[in-house]
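Engineer: Structure for this input, please:
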Amino acid sequence: MKQLKFAALLLALAMLSGCATSYPMGMLFTEVTLPAGATSNVDKGSKTGTAECISVLSLVATGDCSIAAAKKDGRITKVTHVDWYARNILGIIGNYKVMVHGE
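Structural biologist: Here you go, the predicted structure:
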């Protein structure tokens, strides 16, 4: 019985001890788009380039999510702003994108 109470206490502590992050993160599912940066360029920009990465089981991650890769994808030379997208399901599969906007 003591072991069951101890396990329940550990589970409760784990669930209540949320970690503070700079972006919203769901325990079961996350799908967010957030700003990653802006410049002094006031134009919205007519081009968009993306770069993508994936993560599997939080054990293997691959891809190039750099701003440089997104600029190359969109043939952008003047960046106006950068957005960041994340989707993660149970920590099993994660999809991450950087979207660069500019000219």
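
Engineer: pLDDT weak spots in the protein?
Structural biologist: Across the chain, the ranges flagged by pLDDT under 70 are 10-25, 42.

Engineer: Sketch out the helices for this protein, chain order is fine.
Structural biologist: 2-16, 67-74 (DSSP state H).

Engineer: Can you pull out the residues in contact with the shortest one?
Structural biologist: With CB atoms under 8 Å, 6 or more residues apart in numbering as the contact definition, helix 67-74 has outside contacts at 47-51, 76-77, 79, 82, 98-100, 102. All C-beta spots, glycine's among them, are computed from the backbone N, C-alpha and C.

Engineer: what residue lies at the spatial centre of this structure?
Structural biologist: residue 86 (3.5 Å; CA atoms, centre = their mean).

Engineer: Does that one touch residue 99 like I think?
Structural biologist: No - between residue 86 and residue 99 there is no contact under CB atoms under 8 Å: 11.8 Å.

Engineer: can you pick the most crowded of the contacts of helix 67-74?
Structural biologist: residue 100 (27 neighbours; other CB atoms under 10 Å).

Engineer: how near is that residue to residue 36?
Structural biologist: Going from residue 100 to residue 36 by CB to CB, to the nearest Å gives 9 Å.
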